[in-house]
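Asks: sequence and predicted structure, then a few things I'm wondering about:
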Amino acid sequence: MTSHAPPTPRSLAVFGSACTLFLALLTQPYWGLGRDGVLYLGQVLHHLHPAGLSADVFFAHGSQDRYSIYSTVMAPLYQHVPLDVLQMVGVILATGATLAAVYQLLRELSPTGAWMGVFCVAALNHNYGGNGVFTIAEEFLTARTLAEPLVLWGLVFFQRGAFWAAGVSLLTAAAFHPLMTIPAVVIIWLALQAWEWRWRFALTLIALTLALAMAGIAPFDALLQRYDDAWWRLVREVNTQSLLSQWICVDWQQTLVDATLLGLAGWRFAPPRLATLCRASGLAALMLVAASALGSDLAHNRLVTELQLWRVLWIVHVLALACVPLVLAGLWTWETSFGIARLAAALVANAVVTAGAGWVNGWAMLLAAALAIAAAYYRVQLSRPVTCLAMGGALLCMLGISAADAWSAHTIWRSGYAAPLLSPPWVLLLGEPPVCLPLALGALRVWQGEAATHGRARRAAMSLGLGLLLLAVAPQWDRRGDWVRLLEHATLNRPHPFDTLIPPGSQLYWQDEFAAPWLLLDRPNYYSRGLGAGLLFNEGTAREFGPRWDQLKSLDAAMYRCRVMSDVSRQPEAQCITPAEETVRSLCRAQPHPDYLIFSAALRPSALAAWDPQLPSWPALRFYLYACTQFR
């Protein structure tokens, strides 16, 4: 009899966690230090070694670090733990905490339904907002990485009525990243109003904010200020992801898909507490996105722009992904005329996949799904052959897009000094959501359902198979290139060949490099586009960074276009990294100008020194150091 016993809750939790790990390893690879992770690491380095980087444009006028405890908390850890280890462990722990919080948010559902929601959060596309800049559960370590699970656990405690625990969790999250926490506070306030109208008195906080602004207390004093024209131009050109008017079609497509999923879950298919959270999140998104559009894009208000209220979309995206199985199952079992609601489910699934892959035809799929849902609501009849044909077309379209996405990932080289994407084609195809998610969901149903009562032997075989798959995909998770690994292993105490040739505090322009001046040489970075992140908050940063942006933005754009063409054609990027000599002369004659320059190609004047980083994936790579005085 014991051999036919159903699985225990603990064994189901272990199997569900293993499936989640498999999906995360397969679909969310680790690329290492990059993007905003460089900025946050720079803030830690500045905290540890302020003298070396104090003249850097990102730090000279104050950075966002003054609103976060991230550097204070992380600096001691960076002194005792290797950078690459701390980065990777931080990402793993934060992602695990995020997925655990998602499971707790879905506890009203059946265990199978909750795990299915976790699977979707683990496997589906994580991008939200504008220009593909921001993601949930980022693959590099930032203050957002730590704040997100704390915010989600705050929502979990709120759902359970543990208001003190929710407050502590949200306050801790705000200490790391207040902009990620503000939307959760608004969501909780809207949810509380649904229970008790007296919470509307919290609107008096608006009067308090206005009083603080009139008293000149930062950052509230920015509420009464507007960007001047010169500053606003830089905000529009450099911080495009922060302005809704700068978002592209695909960004709004993903936002609309998330809103549709949240609306269907909150107003139709979710159980009471989850439905309340979904409705409050939807209303908060509508309010905060509208406030961001009016206050930032139209009024150019400093505080509204700095708060980036549209960041509420990160919570919307998490909940929308978690509710995908709930919505699809609800549509599939909707008791209306045969087939039309099931066709709507197939079209919604297609819209989720196509929007996540960045294909613009997600608009068409979403419109078709809306029409099918409306038809199901009004009990419109469709013949069985027509319905089956439409569902088959939607399925083939979804599989075709996934196959094209996997092939693209296999053939296109990564930009920068990384190796080609070496993952076997079968791993990339298995990592597409229409392939891996049904496998995981089917395995969970077999483990928990009636088939699992055939005995422990079947569950043992399934565990063995899952373990072998984990062993197969685990080596594919770490996809850091050799250059990233070199940067992560760099220390400020290790001498660099260029170190003695560049006086401390010298402004260094390292073409197409963001982290190298800080990590390898402990020198101020004269220009990288990422340094402009601070100009949104600091006028001094804008005034100093603006001339550098005007000098080099055209070179940046030309290199980007060249790299895209090199990726598509799979040709060497040598022509992209060789600047025209006259361009360098113009840069060195301008005011301001860098003191030293590093290029990946030798120019006509003899280089002061050359450095071979000895990258296995790019053995011909060399870096050449020049002084600006050589080009005048």
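Replies: Received, thanks. Residues are numbered from 1 along each chain as shown.
Asks: mind listing what residue 44 touches?
Replies: Contacts of residue 44 were listed using CB atoms under 8 Å, 6 or more residues apart in numbering, and they are 70-71, 74-75, 78. For glycine as for every other residue, the C-beta is placed from the backbone atoms N, C-alpha and C.
Asks: try residue 366
Replies: Applying CB under 8 Å, 6+ apart, the residues near residue 366 are 253, 256-257, 260, 347-348, 351, 355.
Asks: again with residue 615
Replies: 417, 482-483, 486, 621.
Asks: and the pLDDT at the residue nearest the centre of the chain?
Replies: The centre of the chain sits closest to residue 135, judged by CA atoms, centre = their mean, with a distance of 1.4 Å. Residue 135 carries a pLDDT score of 91 in this model.
Asks: isn't it up against residue 142?
Replies: No - taking contacts as CB atoms under 8 Å, residue 135 lies outside contact range of residue 142: 10.7 Å.
Asks: residue 85 belongs to a helix?
Replies: Yes - counting by DSSP: H, G, I helix; E, B strand; the rest coil, one finds residue 85 located in a helix.
Asks: begin at 46 from here
Replies: Okay, residue one is now 46; in that scheme the one you just asked about reads as residue 130.
Asks: where does the stretch 96-245 of the chain dip in pLDDT?
Replies: Applying pLDDT under 70 to the stretch 96-245 of the chain flags residues 240-245.
Asks: ok, now with 50
Replies: Applying pLDDT under 50 to the stretch 96-245 of the chain flags no residue at all.
Asks: repeat that for the stretch 496-645 of the chain.
Replies: Low-confidence segments of the stretch 496-645 of the chain, defined by pLDDT under 50, span residues 496-498, 617.
Asks: and the strands in it?
Replies: 553-555, 641-644 (DSSP state E, counting those that start in this stretch).
Asks: using a markdown table, lay out these together with distance to residue 582 and mean neighbour count.
Replies: Output for the strands of the stretch 496-645 of the chain, formatted as a markdown table (distance: least, CB to CB, whole Å; neighbours: other CB atoms under 10 Å):
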| stretch | distance to residue 582 | mean neighbour count |
| --- | --- | --- |
| strand 553-555 | 24 | 25 |
| strand 641-644 | 28 | 24 |
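Asks: closest one to residue 219 among those?
Replies: Counting by CB to CB, residue 219 lies closest to strand 553-555 out of these; the figure is 35.1 Å.
Asks: who touches the closest one?
Replies: Contacts with strand 553-555, where a contact means CB under 8 Å, 6+ apart, come from 547, 561-562, 566, 568-572, 632, 639-643.
Asks: show me the helices in the stretch 396-545 of the chain, by range?
Replies: Here the stretch 396-545 of the chain has its helices, by DSSP state H, counting those that start in this stretch, at 407-422, 429-456, 470-475, 478-493, 501-522, 527-534.
Asks: could I have the CA atoms of stretch 228-236 written out in PDB?
Replies: Extracted in PDB, the C-alpha atoms of stretch 228-236 (Å, rounded to 0.1, in the frame of the first residue of the first chain):
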ATOM      1  CA  PRO A 228       4.300  51.500  -6.200                       C
ATOM      2  CA  ALA A 229       3.800  48.800  -3.600                       C
ATOM      3  CA  VAL A 230       2.700  51.300  -1.000                       C
ATOM      4  CA  VAL A 231       0.200  52.800  -3.400                       C
ATOM      5  CA  ILE A 232      -1.100  49.200  -4.200                       C
ATOM      6  CA  ILE A 233      -1.600  48.400  -0.600                       C
ATOM      7  CA  TRP A 234      -3.300  51.800   0.000                       C
ATOM      8  CA  LEU A 235      -5.800  51.000  -2.800                       C
ATOM      9  CA  ALA A 236      -6.400  47.500  -1.500                       C
END
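Asks: need the contact list for residue 396.
Replies: 302, 305, 407, 410-411, 414.
Asks: residues near residue 493, how many?
Replies: Residue 493 is flanked by 20 other residues according to other CB atoms under 10 Å.
Asks: picking that back up, may I see the helices of the stretch 396-545 of the chain arranged in a markdown table, with distance to residue 77 as well?
Replies: As requested, the helices of the stretch 396-545 of the chain are exported to a markdown table (distance: least, CB to CB, whole Å):
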| stretch | distance to residue 77 |
| --- | --- |
| helix 407-422 | 30 |
| helix 429-456 | 17 |
| helix 470-475 | 19 |
| helix 478-493 | 23 |
| helix 501-522 | 11 |
| helix 527-534 | 4 |
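Asks: just so I know, which of those helices lies nearest residue 132?
Replies: Here helix 527-534 is closest among these (CB to CB), at 6.7 Å.
Asks: what comes up buried for that closest one?
Replies: 527-533 (16 or more other CB atoms under 10 Å).
Asks: which of those lies closest to residue 515?
Replies: residue 530 (23.4 Å).
Asks: isn't that closest one right next to residue 129, touching?
Replies: Yes - counting by CB under 8 Å, residue 530 does reach residue 129; the two are 7.2 Å apart.
Asks: give the residues shared as contacts by the two.
Replies: With CB under 8 Å, 6+ apart, residue 530 and residue 129 have common neighbours residue 77.
Asks: among the contacts of residue 660, which two are most distant?
Replies: The widest separation within those (CB to CB) is 10.6 Å, between 531 and 666.
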